[in-house]
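Colleague: sequence isn't available, so here's the structure alone:
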Ligand SMILES: Nc1ccn([C@@H]2O[C@H](COP(=O)(O)O)[C@@H](O)[C@H]2O)c(=O)n1
Ligand SMILES: C[C@@]1(CO)OP(=O)(O)OP(=O)(O)OC[C@H]1O
């Protein structure tokens, strides 16, 4: 029987009107918001896709369709806790997860500890099992031009 599974996720949101972005459940002040059906938390959306991908359960849009008004302006931590439940029902838990945020601004590093604490709490793991990093794209591409932000995630699942 397989004892580990791995998944990866990627999410992008364009900047729009607003005065903050939500990253890993943390409200980060910024001169733009993001265009999204939910709160547009790219960190959690990428992480959910990594968890779902690890068990070949589709993606976040399958489980939380943008056409469903229940998810309008929804706190993405609801999605993450639901993904944890899906894993648990199948006998899996998160071993560790690693997320990279890609944007020129806002600066993320100072918020990473709070983001890690949120993600770890929602996944039911120790904080040192969850990593959040950030990088610019050296002013290249859509993130470099400040048109939006992106996140990449990988997650390792182990038997519960
Ligand atoms: N949105 C961001 C981007 C980067 N950081 C931090 O800055 C460091 C340097 O970034 P480079 O892209 O120039 O390598 C990076 O290691 C992050 O710690 C950030 O906080 N927020
Ligand atoms: C999260 C959902 C919820 O309806 O909508 P958005 O907030 O627009 O985010 P996206 O990353 O496009 O994922 C799709 C949806 O599941």
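Modeller: It's in. These numbers come from a predicted model, not from an experiment. Ligands and ions are numbered 1, 2, ... in the order given.
Colleague: tell me the secondary structure at residue 116.
Modeller: Of the three states, residue 116 takes helix according to DSSP: H, G, I helix; E, B strand; the rest coil.
Colleague: isn't it up against residue 129?
Modeller: No. With contact defined as C-beta atoms under 8 Å, residue 116 does not count as touching residue 129 (9.2 Å). C-betas here are computed from N, CA, C, even on glycine.
Colleague: what residues of stretch 57-64 count as buried?
Modeller: Buried positions in stretch 57-64, judged by neighbour count with 16 or more other C-beta atoms under 10 Å: 57, 60, 63, 64.
Colleague: excluding residues flanking it in the chain, which one is nearest residue 54?
Modeller: With C-beta to C-beta, 6 or more residues apart in numbering as the criterion, residue 54 has its nearest non-adjacent residue at 3.1 Å, and that residue is residue 7.
Colleague: didn't the one you found look like it was pressed against residue 48?
Modeller: No. Using C-beta under 8 Å as the test, residue 7 is too far from residue 48 to be in contact (9.8 Å).
Colleague: compare these two (neighbour count), which wins?
Modeller: residue 48 (27 against 21; other C-beta atoms under 10 Å).
Colleague: quick one: contacts for that one?
Modeller: For residue 48, the contact set (C-beta atoms under 8 Å, 6 or more residues apart in numbering) comprises 9, 60, 63, 76, 79, 80, 83.
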